[in-house]
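Q: model the structure of this input:
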Amino acid sequence: MCKQPFVHLHNHTEYSLLDGATRIKDMVQRAKENDMPAMAITDHGVMFGCMEFYFECKKQGVKPILGMEAYVAPGGLQNKSRGEEKDSFHLLLLAKNIEGYRNLCKLHTVAALEGFYYRPRVDHELLEKHAKGLITSTTCLGSEVNQALLANDYKRALEIAGWYRDLFDEGSYFVELQDHGLPEQRLCNEGLIKIAKDLKLPLVCTNDAHYLCREDADPHDVLLCIGTGSLREDNKRFKFTGEEFYVKTPEEMARLFPQNPEAMENSLHFAEMCNLELESSRALMPNPELEPGHNPSSYLRHLAEQGLKNRVKNPDDSYFERLNYELSVIEQTGYDTYFLLVKEFAQFTRSQDIMFGVRGSAAGSLVSYTIGITDVDPVFYDLTFERFLNPERVSMPDVDMDFEDARRDEVIKWVTEKYGQERVAQIITFGTLGPKAAIRDAARVMGFQPMEADRVAKTIPTGPGWSIDKAMKEVAEFKAIYTNEPKIKGLVDTAKRIEGLSRHAGVHAAGVVIAEEPLSDYVPLYRGSDGQAVTAYEMGILEKIGMLKMDFLGLSNLTVLARTIDHIRATRGHLDEKEIREKHPVLMPGGHLNIPFDDQPTYDMLSRGETVGVFQLESGGMRRNIVELKPQSVQELAAMVALYRPGPMEHIPRFVSNKFGRTEIELATPEMEPLLRETYGIIVYQDQVLKLVQALAGFTLGKADILRRAMGKKEKAIMDAMQSEFMEGSKANGIAESAAAQVWDLLLPFAGYAFNKAHAVCYAILAYQTAYLKANYPVEYLAGLLAVFREKEDKVTTFIEECRRSKIPVLPPDVNLSQLDFTIEKQSVGKGKKVKEVEAIRFGLGAIKGVGEGLVRKIVEERRNAPYEHLFDFCDRLRQAGLNKGSLEALIRAGALESIDKNRFKLLNAAEGALIFADNANRSRIVGQDSLFGEATELALELPVLPETPVPDRSDILKMEKETMGIYISDHPLRGYEFTLRSAGTHNCANVLEMENPQRVSVAGLLSQVQVRPSQRTGALVARITIEDFTGQVGGFAFGDTVSKLQGVLEKDKVVLVEGRVKFDERSQAAERIPEIQIFDVKELPAPVYVESNDDSVEGRIMVNIKLAKVSQLERLRQLVESNPGDYEVVLNFVGANGFSPIILLNRVNPSDEVLRMMRRFLDDAEIDVMSSAGTFGEESMVEGREAASVR
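A: Alright, predicted model coming up:
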C-alpha cells in the first residue's frame, strides 16, 4: 500500500485521437498496481472510451470516473467565425452520478451535432442547462481561468471561477494544480492558490496524462505529428514540452506539490464524490403497433399463427409444434417486442417494393418466417432455432437485414421519421493503426522515404491477427531487416509503441441503433462524416449495455435483382396474366419470391460453370467446384457456399465424390447417418454439430450450442466439463465409448469452422435466384449487372465479355438513344435474308467520365422535343444546360455522337467551334427578344461546314473509349487473340486476383500501362506495368537487370506473355492484399490469324484452334458438319504448324450446343471460338489457364 493515497483525475486515452497514446486496459492496470482506488477518463471533447473504461475498471476492481475535457466556445455555439477554432477553452467535466452521466451525454451530443466547428464545443448557456450531477475544475492552461491569469487579469480569473462555482452543485468546483515543469504553470499555480483562498474552493492536483510512462513521450510525439501532418524535424510544429505528461505514481505526484498536501488528499475526496453505477440491462425499445385487445406476446402469437396459414400450404404437426416452442421461448426471454419491431421494418420494405433479405441465424426462426421477416422456411431447410435464440444462454437476438444498396437510405429515413430523429442513430467505428499503417505513418513523420517505409511494411503479411511482434517471430525477412539495420530498428520500435491505437472515427457500414427515449439519455452522440448522428460508442459496447441494434446492410446483388425485374417488366410487361403466371412468375406480386427452385436450365447453366455475375459462385475456384458438383438443389448450393472457405475447403473433393458414389461414406456410428445424409457424410454446418451432440448424448440444443461456442473459442474448462457429460450421455444412449470418442475428436475441428446453415441457405437462395435470372433472362440480367457495377471498370469489362460470349450485342452510348443508365433495345443483326431482331444492351450516358448526371438528364429531356440532327444542333440546345468543351469531347470520344456523325476526329476538331456557334446563337436570340418590336425574332445563323478529316481507325477508337469510359466498348484490342491467350499462359488476370498465396504464373495480355524510372533509393531502373485481358487487369513490377533486358518489349499496347511470381502489394489503407506479379521475363506474342470471308450470307464463324488432328478425326468432323447444316463457316486453324494456312470447310454448320459438344469430343485438344458477323464471341468464358478442358 502506498504511503500517499492519490487518484488521477485528468487522463487522455487513445480516444483523444492521435493525441492520447494510452491504452485503456494499461491505464487501469497502472492505477491498480499503484493502489489507486479510482481513476478518471477525460478525453478531449469526446466520451468515445467511457464505456470501455467503465467495464475495464469494474473488471480490475478500480472505481471508474467518467468524464471528458470539453471545449468551451467563448462566443457561443453559433459563432463559427474565423479564429474561433483556436479560441475554445478547456473544461474538465466528470459525472458524480447517473444524473451527471446523462447530462454529460447531453452536453457531448449537442457539442457534436450543433456546436461542432473543427471540434465539438459547448458554451455557457448549454452548461447552465446540464450542470446537475457534474463535478469540474479550473482545468489546465487552456481553460478560461488559466488564460485570464496568463493575461495578468486576476479580476477576470476570479470572476470566471466564481461563475463556475455558482453554476455547479455545491462543493463540485475544484481548483486544479498541474506541474509539468512549465514556467506558465508555476505562474498560474500562484494565482490559482489565491483564487482557492479567496473563493474558499478546494485544491486538487492532477497530471495532464497523454501517455502511460515517461518512455512513451517519444512515440506520443510521433503520434502528434501523424495527427497534425508534421515532420518531427519541424521546430515550428505543435508539440509537448518535456516528458512529464504521463500517469505518474502517487509518490511522484506528492513530490510535485509538497506545499499543498491537501491537493493530494482532495483527489481522493473528489473520487469519493463520484459514485456512478450504470446498469448494463436492456434499454427500452420503442413500442410496436398493436391491434386493440393485444399485448406484444398475444399479438405476436396472433400474427405467427395467421402467417403460418398464409405461408405454408397444409402444414403438418411439426410446424405447429415448432411454432409453439419458438413462441414460448420468445415470451420467456422477453423478446416479443423485438420481433414485432423487426416485422414493422420488413413490412415497410415490402410495401415500398424495396428488395431485401435476411441473412444469418434469424432465418432459423419459423416465427420470423410466418410474420414476414424472412422468406426462408426453416422447417423445410431443417434450420435450428437455437442458433438464433438460445433459451439456455439468453442474449439479444440479431437480425441482419440486407437491402438493395441503392435504397438503403430510404429505410433508415423511414425508421428515423417513425421513431423520431433523436431516437435513431447510426453507429461509430474506429480505424486503428495496424502494423503496416503504424510503420508507414511513423516513417513519414520521422523523415523516411516512402519506398523505404514500403520495403519494411510489405514484409508483414496482411490479414487479421498479424502484429509487429508476430512478424518478428514468424517472418524471417522482417526480422533480418530489424536486426541488421539500426535506423529501421528505431522505426519499428517506435511503430510498435503506437500500433493498435485508434486513428480515426468512421460510420459502421450497417449498424443502426433505436431507442424508446432520446438516445442521448443512454449514450452520447457524435457527428458522422456527412453530419449525421452516430453513437459515440461502438457496436460491441452498445450490445453490452443492451441497446436495440439493427444491421441494415446495402447489398448490390439485391439491386441487381431489382434492376433485372424492372428490365423484364419493361420487355414483357405487356403479356397477359395467364402467360405471366405460367412463363414469367417474376412479374407476379412478390417478384423474385416466385422463382421456382426446380428450374433445370438454371442447374444446367451452373453445371457448365457459366457463373460470371452469379452471387457467391463466380470466382474461378468456386466455378471449378460447381462444375464438379453439378448441383441440382438449393441444399447442394448451400453446402458448397459453406465449404468454400479456408479449412473446410479440403473436404470439397470428398463431398463431391460421396455425392456420386465414387467413395464410400464413412461414419463413426449409424446414428450420424440421418443428420449427415443431406451433406453426403460431411459435417458442414454448426447445426449438424448441435444435432449430433443432441442425438448421441441427449443434450438439449441450447446446451449443445454452448458446447459448440466453447469448441469454437477453445474454452478448455467448459470443453473438459462437457466432454465428460457427452461421453456419459452417449454411453446412456447405447453408443460405444470408442465411437463416442471418435465423434468428439471429429467435432472439435469442425465446431471451429463449420458454417451457420441458415446463413448458407440464405446465400444459396440468393445465388440460385441470380442464376435463374441469368439463365432465363440473360439480356435483362446482364443489363442489371452493368448498371449496378458501372463504376467498377474490371467488372464492367468482365460483363461485356460475358455479353459477347452469350451473343448479346453491347451498343455504345448514343445521345439520341441512351438513357442515364444501361437499357435494352431491339437491334437487327445478320445480312440479307438472314436479318433478325435481337435484344441488345445500350450503354447509358452516365457511364462516360466527365459527363455529369445533371447534363445527362438534360440531354435525355431535351431530345424529347426532337432528335439531335447535327453537332451544332446538339451544342445549341444544350449549351445553356452546362455542356462545355470537356463534356462535349468526352461524349464524342465515347462514340455517343456517332448517330450524328461517325467520324469522331471530325467532331473533335469542330467541338470548340460548335460551342462558339451555340454561344453566338444564344446571344442572337437575346438580341432578338430585346428588339424594338418587343417580340422574339428568329435570327438564322449559317451553319459552318465541317472540314473533311481522316476517319479514326480501330485502335484510335478503342483508345478514345478507354480514356472516356475506362473500358473498351465497340471491340477489344485483344479480339482475335482469344486462343493465344488461353494456350500461352497458365493463368488469366482474374485467376491472379483471386490468389491468396505467392506462386509462379505466366499471364498473356495487353500492356495497358508501362512506367520505367530510376529508383529513388538505389538509382536502378524500376518498371511498373499493368497487363489486362478479357477477365480484368493486374499490376506487375521488375527491377534492375530484368528491366534492362526487357527494354524493347516493355512497351504500351503490346500483346505479351508475362512470366513471374505473384506477390502482394500490401498497402496501408487496402482492405485486402492486392496480388501483383514480380516479373522474370516478358515475351511478345505473335499477331492472331484472321480469315476474311467475302460471302455476305455467312452469319458467323466457328474457329477451331488445334495443334494436331488425325485424318479419322477430320472425317468425323466433316460428317458432323454435313449432317447439321447452317450458316456458320468452320475454320480449322493449326496452331504452331509452320506452313499450314487456316482451312475453311466447304459446308456450313448450325452452331448448336450439341454440335459444339460433339466437335470437342472428336478433337481432343481443340479450343473452339464462335464468332458472329458482329464480332468474336469466345464460346467459353476464360477459365483457369490450361484447365479449360476439364471445365468443359
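
Q: ok, for Ile950, nearest residue in space, not its chain neighbours?
A: Careful, residue 950 is Pro and not Ile. Phe905 (6.3 Å; Cβ to Cβ, 6 or more residues apart in numbering). C-beta: built from backbone N, CA, C; applies to glycine.

Q: list the helices and strands the helix or strand harbouring that neighbour packs on?
A: In the assignment (DSSP states H and E), Phe905 maps to helix 904-929. When contacts are defined as 3 or more Cβ pairs under 8 Å, 6 or more residues apart in numbering; DSSP states H and E, helix 904-929 packs onto helix 871-878, helix 885-893, helix 954-965.

Q: how about a markdown table for those helices, with mean pLDDT added?
A: Below are those laid out as a markdown table (pLDDT from 0 to 100):
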| stretch | mean pLDDT |
| --- | --- |
| helix 871-878 | 92 |
| helix 885-893 | 94 |
| helix 954-965 | 89 |
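
Q: next, count neighbours for the residue nearest to Pro950.
A: 15 (other Cβ atoms under 10 Å).

Q: what of Ala570?
A: 13.

Q: re earlier: for the helices and strands packed on helix 904-929, which one sits closest to Lys549?
A: Closest of those to Lys549 is helix 954-965, at 41.3 Å (criterion: Cβ to Cβ).

Q: give me the angle between that closest one and helix 904-929.
A: Calculated by axes from the mean of the first three to the mean of the last three Cα atoms, to 10 degrees, helix 954-965 forms an angle of 50 degrees with helix 904-929.

Q: report the buried residues of stretch 151-167.
A: If you call a residue buried by 16 or more other Cβ atoms under 10 Å, then stretch 151-167 has these buried ones: 157-158, 160-161, 164-165.

Q: would a markdown table of those with pLDDT, distance to Ala717 and secondary structure be doable?
A: Output for the buried residues of stretch 151-167, formatted as a markdown table (pLDDT from 0 to 100; distance: Cβ to Cβ, whole Å; DSSP: H, G, I helix; E, B strand; the rest coil):
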| residue | pLDDT | distance to Ala717 | secondary structure |
| --- | --- | --- | --- |
| Ala157 | 95 | 59 | helix |
| Leu158 | 96 | 61 | helix |
| Ile160 | 96 | 57 | helix |
| Ala161 | 96 | 56 | helix |
| Tyr164 | 96 | 52 | helix |
| Arg165 | 96 | 54 | helix |
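
Q: which stretches of the stretch 751-900 of the chain have low pLDDT?
A: 831-833 (pLDDT under 70).

Q: before we move on, the earlier item: per-residue pLDDT, the residue nearest to Pro950?
A: Per-residue confidence (pLDDT) for Phe905: 93.

Q: might one say that it is in contact with Asp953?
A: No - using Cβ atoms under 8 Å, Phe905 is not in contact with Asp953, being 10.1 Å away.

Q: so where is the stretch 251-400 of the chain shaky, pLDDT-wise?
A: Applying pLDDT under 70 to the stretch 251-400 of the chain picks out residues 280-283, 394.

Q: quick one on the thing from earlier: how much space between the residue nearest to Pro950 and Ala894?
A: Distance, Phe905 to Ala894, by Cβ to Cβ, to the nearest Å: 14 Å.

Q: just Leu192 next, same as before
A: Counting by Cβ to Cβ, the gap from Leu192 to Ala894 is 70 Å.

Q: looking at these two, which one has more neighbours?
A: Neighbour count, other Cβ under 10 Å: between Leu192 and Ala894, Ala894 has more, with 27 against 24.

Q: show me what contacts the more buried one?
A: 812-813, 843, 848, 960-961, 964-965, 969 (Cβ atoms under 8 Å, 6 or more residues apart in numbering).

Q: what does stretch 277-290 contact?
A: With Cβ under 8 Å, 6+ apart as the criterion, stretch 277-290 contacts 51, 54, 98, 101, 296, 299, 337-338, 340-341, 343-344, 396, 419, 423, 514-517, 522, 544-548.

Q: out of these, which are buried?
A: Of the members of those, the ones counted as buried by neighbours, 16+ other Cβ under 10 Å, are 51, 54, 101, 296, 299, 337-338, 340-341, 343-344, 419, 423, 514-516, 522, 545-548.

Q: among these, which are in helices?
A: 51, 54, 101, 296, 299, 337-338, 340-341, 343-344, 419 (DSSP state H).

Q: want to throw those residues into a markdown table with distance to Asp123?
A: Formatted as a markdown table, these follow (distance: Cβ to Cβ, whole Å):
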| residue | distance to Asp123 |
| --- | --- |
| Met51 | 26 |
| Tyr54 | 27 |
| Tyr101 | 21 |
| Pro296 | 43 |
| Tyr299 | 47 |
| Thr337 | 39 |
| Tyr338 | 39 |
| Leu340 | 42 |
| Leu341 | 37 |
| Lys343 | 44 |
| Glu344 | 39 |
| Tyr419 | 29 |
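
Q: nearest to Lys714, of those?
A: Met51 (27.5 Å).

Q: now that closest one: closest residue in space that isn't a chain neighbour?
A: That would be Ile541: by Cβ to Cβ, 6+ apart, it lies 4.5 Å from Met51.

Q: doesn't Glu52 make contact with that neighbour?
A: Yes - counting by Cβ under 8 Å, Ile541 does reach Glu52; the two are 6.3 Å apart.

Q: the two: who's more crowded?
A: Ranked by neighbour count (other Cβ under 10 Å), Ile541 and Glu52 place Ile541 first, with 22 against 19.

Q: returning to that earlier point: buried residues in the helix holding Phe905?
A: Across helix 904-929, burial judged by 16+ other Cβ under 10 Å covers 904, 906-908, 910-911, 914-915, 917-918, 921, 925.

Q: how close does the closest residue to Gly698 other than its chain neighbours sit to Thr669?
A: For Gly698, ignoring the flanking residues on the chain, the nearest one in space by Cβ to Cβ, 6+ apart is Gly729 at 4.5 Å. Computed as Cβ to Cβ, the Gly729 to Thr669 distance reads 13 Å.

Q: give the residues shared as contacts by those two.
A: Contact criterion Cβ under 8 Å, 6+ apart; residues shared by Gly729 and Thr669: Leu696.

Q: domains of this structure?
A: Per the record, the chain has its domains at 24-228+238-273, 296-429+507-557, 434-500, 789-965, 978-1084, 1100-1191, by automatic domain parsing.
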